[in-house]
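**Q** coords please:
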Amino acid sequence: MVGAPAAEDAIRRARKLPQLRVGLHLVLTDGRAMLAPDLIPALADAAGRMNNFMFTDAVRFALNPSVRRQLEAEIRAQFVEFARSGLALDHVNAHRHFHLHPVVLEMLLRIGKEFGVCAVRAPDEPLWFAAQGGAWLSGVGAALLTPWIRLMKRRLRRARVSYNDHIFGVAASGAMDEARMLEIVKRLPAGVTEIYLHPAVQSGKIIAASMGQYRHADELAALLSPRVRSAIDSAGVSRGGFGDLLRICSQTQSGESIP
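**A** Model prediction:
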């Protein structure tokens, strides 16, 4: 989130970790905009914060040319800011998966092409995970997104942009603890899987007002868990970022040996 308060600190830390795969997390809702409020009045308030009315905004993106022009300007500004960091762009996604919106995805791909985008997150979560523990509402939500996800993947293939086959972290966002991580590794599907978490040393609203119920510390503990690490090692899966996936695919196609 290049416009977030701690972005500068995050970039400084990332520069010290050359093996870390860093992506651009576009913020078009529930967060701070990159451009000045007077340049994007339809997107941000006077304090530069975007609203969280995604349905209303989705309609405006589709029907209002003026709003679309502001949206495009903001997306470009965030790409420019990431480029200024000097970090390699491993992938792109959007806060709350707003890039599922056809207009946002079109702009992401068109503008992103100028900045070397080669991979985009597809929020395709297996139904068994989305609906676990009786969370049928989450399961229904995941099912309703299926047509949009298929459309997204088709457009990504057409644009020759890589994407993951599966994802974990949508329905259980903020609650990806050790038990869930172990379950995911145990039932890891074939193909490319992205697992995402929101780790932090503190939890709740201190991180963000919209994350009052998130258990950030539990998610951090899951990532540091020796049991999770052992399970991943035992599963024999390759780990890395989208850039690593592209390297492996390139080597496979050229007949090179993969270390």
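**Q** May I have the top helix by length along the chain as CSV, with CA atoms only?
**A** Ranked by number of residues, the top helix in the chain under DSSP state H is helix 136-158. Below are the C-alpha coordinates for helix 136-158, written out as CSV (Å, rounded to 0.1, in the frame of the first residue of the first chain):
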residue,chain,number,x,y,z
TRP,A,136,-22.0,-21.0,4.6
LEU,A,137,-22.4,-17.3,3.9
SER,A,138,-18.7,-17.1,3.0
GLY,A,139,-19.2,-20.2,0.9
VAL,A,140,-22.1,-18.7,-0.9
GLY,A,141,-20.1,-15.5,-1.4
ALA,A,142,-17.2,-17.5,-2.9
ALA,A,143,-19.6,-19.3,-5.2
LEU,A,144,-21.1,-16.1,-6.5
LEU,A,145,-17.7,-14.7,-7.3
THR,A,146,-16.9,-17.7,-9.6
PRO,A,147,-18.1,-16.2,-12.8
TRP,A,148,-16.1,-13.0,-12.2
ILE,A,149,-13.0,-15.0,-11.3
ARG,A,150,-13.3,-17.0,-14.5
LEU,A,151,-13.6,-13.8,-16.5
MET,A,152,-10.6,-12.4,-14.7
LYS,A,153,-8.5,-15.5,-15.5
ARG,A,154,-9.5,-15.4,-19.1
ARG,A,155,-8.5,-11.8,-19.4
LEU,A,156,-5.2,-12.5,-17.6
ARG,A,157,-4.4,-15.3,-20.0
ARG,A,158,-5.2,-13.1,-23.0
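**Q** for it, packing partners?
**A** Packing contacts for helix 136-158, counted by 3 or more Cβ pairs under 8 Å, 6 or more residues apart in numbering; DSSP states H and E, involve helix 102-114, helix 127-130. For every residue, glycine as well, the C-beta is placed using N, CA and C.
**Q** which residues of the stretch 151-259 of the chain fall in helices?
**A** Counting by DSSP state H, counting those that start in this stretch, the stretch 151-259 of the chain has helices at residues 178-186, 216-224, 226-235, 242-254.
**Q** lowest-confidence stretch among the ones you listed?
**A** Among those, helix 242-254 carries the lowest mean pLDDT, a mean of 62.
**Q** Relative to residue 111, how far out is the nearest residue to residue 45 once chain neighbours are set aside?
**A** Leaving aside its chain neighbours, residue 45 sits nearest to residue 37 (6.6 Å; criterion: Cβ to Cβ, 6 or more residues apart in numbering). Look at residue 37 and residue 111: by Cβ to Cβ, to the nearest Å, they are 21 Å apart.
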